[in-house]
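Peer 1: generate coordinates for the sequence data below:
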Amino acid sequence: MSEEKRELLEKLKFELAFVEDGGYGRSVRTPQQPTSPFRDSLTCLNFGDSSRPHPCSECILMQYVPESRKGEDVPCHHIPLDQDSRTIVTLDAAEAEEALKRWLRHEIDRLEGELAV
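Peer 2: Prediction:
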């Protein structure tokens, strides 16, 4: 398995643990603002930096973003999370969190399967 795939696997595992531990609950610093999947976790290259110095094109998750959505403001929110191509953008917060967890588990299993070969 390439180093990039290993890095991706670790990021996906981290993201799943973050979501399962309630990471996208309300922020202690800004409880009035909803949190944003991927952007409000350490998975994001621009985590904690509102000036967003790193282009999303450098993110390892871009490989999951459909070509037609790579120019969006938050491309990772357009990753198809299920067979119906529902995304973080098209689901409400509770549905998006569940779909995200299922997608993360699926991708982790797939990558671990590739590693085992």
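Peer 1: for residue 106, see how far away residue 97 is.
Peer 2: Remark: distance between residue 97 and residue 106 (CB to CB, to the nearest Å) = 15 Å. Heads up, the C-betas are built off the backbone N, CA and C, glycines and all.
Peer 1: neighbour count winner among these two?
Peer 2: Comparing residue 97 with residue 106 by other CB atoms under 10 Å, the one with more neighbours is residue 97, at 19 against 13.
Peer 1: give me the element residue 107 is part of.
Peer 2: Here residue 107, judged by DSSP states H and E, is contained in helix 93-116.
Peer 1: can you mark which positions in that helix are buried?
Peer 2: Neighbour-count burial for helix 93-116 flags 96-97, 99-100, 103-104, 107-108, 111 (criterion: 16 or more other CB atoms under 10 Å).
Peer 1: who's in contact with the most centrally placed residue in the chain?
Peer 2: Nearest residue to the geometric centre of the chain (CA atoms, centre = their mean): residue 38, 4.1 Å. For residue 38, the contacting residues are 15, 44, 61, 74, 76-77, 88, by CB atoms under 8 Å, 6 or more residues apart in numbering.
Peer 1: in strands only, show me those.
Peer 2: Nothing among the contacts of residue 38 maps onto strands, per DSSP state E.
Peer 1: contacts only, for residue 15.
Peer 2: Residues near residue 15 by CB under 8 Å, 6+ apart: 38, 41, 43, 104.
Peer 1: change it to 10 Å
Peer 2: Neighbour list for residue 15: 23, 37-38, 41-44, 61, 100-101, 103-104, 107-108 [criterion: CB atoms under 10 Å, 6 or more residues apart in numbering].
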